[in-house]
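quick one, fold the following:
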Amino acid sequence: MTGQIYSTEEMLARLVSFDTTSRDGNIPLIAWVEDYLDGWGVPHLRVDYEAGLKTNLYATIGPDIAGGVVLSGHTDVVPVDGQDWTSHPFTLEERGGKLYGRGTCDMKGFIAVALAMVPKFLKANLRTPVHLALSCDEEVGCKGVRPLVARMRDHLPKPRAVIVGEPTLMQVVNAHKSAVTFSTEVTGHEAHSSLTHQGVNAIMVGAELIGELSRLKQELIAEGDPTERFDPPYSTVHVGVISGGTAKNIIPRKCEFTWETRLLPTTDPDFVPRRFEAFAKTLEPAMKRVAPETGIAIECTNRVPALAPDETSPAEHLALHLTDANATHAVSYCTEAGLFQQIGIPAVVCGPGSIEQAHKPDEFIAVSELRKCEGFMERLVQ
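Just a heads-up that it's a prediction; the model follows:
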């Protein structure tokens with residue numbers, strides 16, 4: 001069976017043309033990829049995240065057996081809202097050896113190389129399989145890929161290694177931080193602002209809680225990174241969104257804020273929430289003496305595990321061989337690699353382009369990076 005042949009640039013142009021902003025879904029892109037794979041007789045399956053809107057695609061080239069390598073990439077992109085683009089963000093444009101468009105770097109470039117390689121994978125009569133894992137909703141917390149990870153764990157032959165193609169300039173990344181998001185809601189008690197003793201000011205309690213997060217932040221900085229591999233060289237705490245109050249002369253009843261930790265693989269994941277919750281409990285008695293209904297609610301809303309380095313990892317050994325490198329790297333952003341590692345599949349991050357180009361107006365990937373990734377895939381075939 002012979003399907004349509006695309007160069008990497010042609011494939012990337014097709015992928016970029018689909019607006020797969022996370023909020024809007026990725027079904028049209030996945031349907032197009034399915035048609036392309038059908039043309040080559042490549043079996044595939046969908047694993048839905050939100051039926052009819054967002055889905056994952058898993059395809060196997062070669063024998064349907066355990067082992068082999070998964071090439072993993074997310075199909076969703078971040079919004080272009082309010083960004084000043086020189087060219088249309090969903091039309092691939094080449095200028096000066098760079099290919100511009102939303103998702104070119106993060107991370108449709110890697111997916112384009114993998115898909116354009118399908119005919120060569122097939123021609124090689126692979127003895128062990130190459131799997132394609134195209135996921136959704138990575139940009140909102142690596143959420144969409146989780147049903148696919150569960151399906152791989154429970155129902156599919158176990159691969160030997162996963163290569164996540166996030167942009168690393170084709171360097172092998174064997175470690176990244178975790179990302180854990182929390183929502184905190186303070187319930188106070190309203191009163192006239194001239195009678196502060198009769199109310200509980202939710203915003204001021206929230207400020208005390210954020211002050212505690214600032215103290216924890218400093219402790220993490222002082223602890224530092226014993227491996228000296230990460231930038232910044234410590235775990236971080238960050239408050240991203242805050243809201244509360246209705247008027248300047250009303251003691252506010254509500255204050256809500258969203259915060260996150262990005263922890264080194266070596267940091268106790270419970271350290272910050274345990275300390276934060278203990279501090280919150282010290283504030284509540286004074287609040288409840290004024291009004292029993294007051295309190296502080298803390299919820300963990302998303303957890304993306306770190307990728308821990310593993311010198312025995314077959315994924316690391318393979319990627320170093322394919323890149324002809326002898327050193328690995330660490331990054332502070334997170335990927336689905338930690339989720340694969342959690343279910344016992346060794347994983348690394350290695351893909352074309354620079355993370356510095358991601359999420360910006362005029363996002364681009366250098367053509368030279370695609371050529372390097374093609375070489376990586378050619379060696380994988382061998």
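
chain center to stretch 192-207, what's the gap?
Distance of stretch 192-207 from the chain centroid (Cα atoms, centre = their mean, to the nearest Å) equals 39 Å.

and the contacts of that stretch?
Contact partners of stretch 192-207, identified using Cβ atoms under 8 Å, 6 or more residues apart in numbering, comprise 184, 186-191, 242, 244-245, 248-257, 283, 287, 290-291, 294, 296. Using the backbone N, CA and C atoms, a C-beta is placed for each residue, glycine as well.

mind giving me the ChimeraX select for these, buried ones only?
A single ChimeraX command selects the buried members of the contacts of stretch 192-207 (16 or more other Cβ atoms under 10 Å):
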select :184,186,187,188,189,190,191,244,245,251,252,253,254,255,256,257,283,287,291,294,296
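
which of the contacts of stretch 192-207 fall in helices?
Taking DSSP state H as the definition of helices, the contacts of stretch 192-207 contribute 283, 287, 290.

as CSV, the residues you listed with pLDDT would be great.
As requested, the ones in helices among the contacts of stretch 192-207 are exported to CSV (pLDDT from 0 to 100):
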residue, pLDDT
283, 98
287, 98
290, 98
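
nearest to residue 315, of these?
Residue 315 lies nearest to residue 283 out of the ones in helices among the contacts of stretch 192-207, by Cβ to Cβ, at 45.5 Å.

residues in contact with the closest one?
205, 208-209, 296.

buried subset of the residues you listed as a PyMOL selection?
With 16+ other Cβ under 10 Å as the criterion, this PyMOL line picks the buried residues out of the contacts of residue 283:
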select buried, resi 205+209+296
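
of the contacts of residue 283, which pair is most distant in space?
208 and 296 (10.0 Å).

any low-confidence regions in the stretch 1-150 of the chain?
1 (pLDDT under 70).

restricted to helices, list the contacts of residue 283.
Going by DSSP H, the helices hold 205, 208-209 from those.

with pLDDT and distance to residue 350 added, can I get these in a markdown table?
Below are the ones in helices among the contacts of residue 283 laid out as a markdown table (pLDDT from 0 to 100; distance: Cβ to Cβ, whole Å):
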| residue | pLDDT | distance to residue 350 |
| --- | --- | --- |
| 205 | 98 | 46 |
| 208 | 98 | 44 |
| 209 | 98 | 39 |
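
quick one: these as JSON lines, columns for distance to residue 129 too.
Formatted as JSON lines, the ones in helices among the contacts of residue 283 follow (distance: Cβ to Cβ, whole Å):
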{"residue": "205", "distance to residue 129": "55"}
{"residue": "208", "distance to residue 129": "55"}
{"residue": "209", "distance to residue 129": "50"}
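
which of the residues you listed lies closest to residue 11?
The closest of the ones in helices among the contacts of residue 283, once distances to residue 11 are taken by Cβ to Cβ, is residue 209, at 48.7 Å.

cool, thanks, talk later.
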